[in-house]
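Enquirer: below: sequence and its predicted model.
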Amino acid sequence: MRLSLPLRIRDFLLDLDRWIYAVAAYDNEERAGCLLRYVPDSAGDRVDSAGRRYRKVGFEEGYELLRDNKPEFLDLLHRVPYDQVSRILKPELECKRVEREEPRVKAIADHLALGPGTYGCSGSRLCGLANAQSDIDLVVYGPAWFTAQQHLQQAIAEGRIQDLDEKLWQRVYAKRNPSISYPIFRVHEERKWNRGRIGGTYFDLLYARSYDDLATALPSGKGAVLGKETVEGVVTDDRLAFDAPAIYPLEGATVDKVLSFTHTYTGQVRAGETLRAKGMVEQHGDERWLVVGTTREAKGEYIISLTLLEA
């Protein structure tokens, strides 16, 4: 397949067998870096517009399915060759169609003062496989994300968008299953302003880079593993703290950067705050990076703001 626009995280694609993948990397020049999310299944509980049934695939199962059926796609991520891609779904380009199917997407965008091309909807709604329990994954690109974050805080304060209640906070914590306690999780999450409810439906506000910023994205490859460490340092820049991976450059630490590959720790620490993190240290060129999210649930790994907790 020939690309008219580069792939970004939050895009989706279909291979020649109509297996559906979420794009999970920015370095997609040779093959698309993805994770398998849906596969055709006659007994599946998801149905597309043509009546084809699918089922959702878990993280570990995705690797197993590729190992058994498409081993040439296996890598650190799933890497789909472009000659095996049948369709690409971009949130910003599919936005009008998604909004016709789910008007609350447009309602959220209006509350957040988002213009055309600055946002889209990812996940099951982008794939046309949403069900009654599906959340809304609203993607906002580049600098527009930070404006949307400010508008979300204002909209919740004014009651135009609902905040999460205790039951929903507990549900989010259980889904993330992090290696930090619920009170510590909650105090970090409440200041992120990247979640809400509209019309009874939960939504996430997700960051992705603008096309102009793709060239500076870090490579997704794994460095030489140096072992597990706990580090502390001051975050010098938080502009990519909501990206995937989230990036926290540090000073005064034994590593140069902390990266999080799990959504739990995006936006976790602000510039000027002291970060503590536990994860796996990798060597990347002249730099040492501590990586959080070396496993799906990042068990035994975490990122916290000591400044926030000591306030």
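Expert: Yep, it's here. Quick caveat, the model's predicted, so the values are computed rather than measured.
Enquirer: distance of residue 46 from residue 206?
Expert: 21 Å (CB to CB, to the nearest Å). For glycine as for every other residue, the C-beta is placed from the backbone atoms N, C-alpha and C.
Enquirer: so which bits of stretch 29-37 are buried?
Expert: Neighbour-count burial for stretch 29-37, counted by 16 or more other CB atoms under 10 Å, picks out 31, 32, 33, 34, 36, 37.
Enquirer: apologies, that question was intended for stretch 170-180.
Expert: 172, 173, 176, 178, 180.
Enquirer: A strand includes the first one, no?
Expert: No: counting by DSSP: H, G, I helix; E, B strand; the rest coil, residue 172 is not part of a strand but helix.
Enquirer: against residue 50, how distant is it?
Expert: Residue 172 is 33 Å from residue 50, by CB to CB.
Enquirer: before we move on, the earlier item: residue 46 and residue 206: who's more crowded?
Expert: The neighbour count for residue 46 versus residue 206, taken as other CB atoms under 10 Å, is higher for residue 206 (25 against 20).
Enquirer: these two touch, right, that one and residue 141?
Expert: No: if you go by CB atoms under 8 Å, residue 206 and residue 141 don't touch, sitting 9.9 Å apart.
Enquirer: give me the beta-bridge partners of residue 259?
Expert: Beta bridges link residue 259 to residue 247, residue 291, judged by DSSP bridges.
Enquirer: quick one: the helices in the stretch 1-150 of the chain?
Expert: Using DSSP state H, counting those that start in this stretch, the helices of the stretch 1-150 of the chain run over residues 59-69, 95-101, 103-111, 123-126, 144-157.
Enquirer: so which of the buried residues of stretch 170-180 comes closest to residue 282?
Expert: Taking CB to CB as the measure, residue 282 sits nearest to residue 178 out of the buried residues of stretch 170-180, at 21.2 Å.
Enquirer: looking at this, the closest one is in a strand?
Expert: No: the assignment for residue 178, made by three-state DSSP, is coil rather than a strand.
Enquirer: apart from its neighbours in sequence, what residue is nearest it?
Expert: residue 264 (4.8 Å; CB to CB, 6 or more residues apart in numbering).
Enquirer: got the contact list for that neighbour?
Expert: By CB atoms under 8 Å, 6 or more residues apart in numbering, residue 264 lies in contact with 176, 178, 185, 298.
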